[in-house]
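In: only geometry, no sequence info:
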């Protein structure tokens, strides 16, 4: 991972680290590695979303472990120096700076089992479409709903999942959400 970190410009790596700290502080639902990766690629650096997600997981583990062990900035940098001799100098500087500025704000759960094991809803988008025809049928006029869910997994990586539903499926989906809303009203 160190060779991939070396590819990331210091300002993008700092942004990644700050987003990770915000996620660990429950201020944002996750780190949008796809969006950050696209911006890095636009700047001319070749890195995949998968590689950036791995780096985000490593840095997240680093910060959460440092918080759990209540490490000072110097203890964290010394530990990094002893354990990871191949980490780029600019990355160590960014980690030092971000940890020094924001590291102490990370709340540590007394019971490690309280860590979420399910994803967190971020956003939903939908659109209504009509299939007009296909190669096997000239006149379909078949309506459908496309739904895109944006979800942050437990590690904070934001992913999008899209699916299509027929109108009867959508009505069932909607009915179930109304049932959820009704139950929530009683709480």
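Out: That came in fine, so what should we check first? Quick caveat, the model's predicted, so the values are computed rather than measured.

In: ok, now how distant is residue 153 from residue 18?
Out: Noted for residue 153: a distance of 20 Å to residue 18, by CB to CB, to the nearest Å. C-beta coordinates here come from the backbone N, C-alpha and C atoms, glycine included.

In: how far off centre is the helix or strand hosting residue 53?
Out: Using DSSP states H and E, residue 53 maps to helix 49-68. Taking CA atoms, centre = their mean, to the nearest Å, one finds the center of helix 49-68 at 11 Å from the center of the full chain.

In: give the contact list for residue 60.
Out: Residues near residue 60 by CB atoms under 8 Å, 6 or more residues apart in numbering: 20, 23, 24, 31, 155, 156.

In: ok, the residues you listed vs residue 77, which is closest?
Out: residue 20 (16.9 Å; CB to CB).

In: for residue 103, the count of nearby residues, please.
Out: Residues lying near residue 103 (other CB atoms under 10 Å) number 21.

In: pretty sure it contacts residue 73?
Out: Yes. Taking CB atoms under 8 Å as the definition, residue 103 is a contact partner of residue 73 at 7.0 Å.

In: now render the contacts of residue 60 as TSV, adding pLDDT.
Out: Compiled in TSV, the contacts of residue 60 are given as follows (pLDDT from 0 to 100):
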residue	pLDDT
20	91
23	88
24	87
31	88
155	68
156	71
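
In: output the residues you listed as a markdown table; include the columns distance to residue 55, neighbour count and secondary structure.
Out: Compiled in a markdown table, those are given as follows (distance: CB to CB, whole Å; neighbours: other CB atoms under 10 Å; DSSP: H, G, I helix; E, B strand; the rest coil):
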| residue | distance to residue 55 | neighbour count | secondary structure |
| --- | --- | --- | --- |
| 20 | 10 | 28 | helix |
| 23 | 14 | 24 | helix |
| 24 | 15 | 20 | helix |
| 31 | 10 | 27 | strand |
| 155 | 12 | 16 | coil |
| 156 | 12 | 23 | coil |
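
In: span of stretch 81-96 from start to end?
Out: 11 Å (CA to CA, to the nearest Å).

In: circling back: what mean pLDDT does the helix holding residue 53 have?
Out: Helix 49-68 shows a mean pLDDT of 89.

In: can you give me the buried ones in that helix?
Out: 49, 51-60, 62-64, 66-67 (16 or more other CB atoms under 10 Å).

In: what's the helix or strand that that helix is followed by packed up against?
Out: Note on helix 49-68: by DSSP H and E, the next helix or strand toward the C-terminus is helix 73-83. Secondary-structure packing of helix 73-83 (3 or more CB pairs under 8 Å, 6 or more residues apart in numbering; DSSP states H and E): helix 49-68, helix 89-102.

In: lovely, talk soon.
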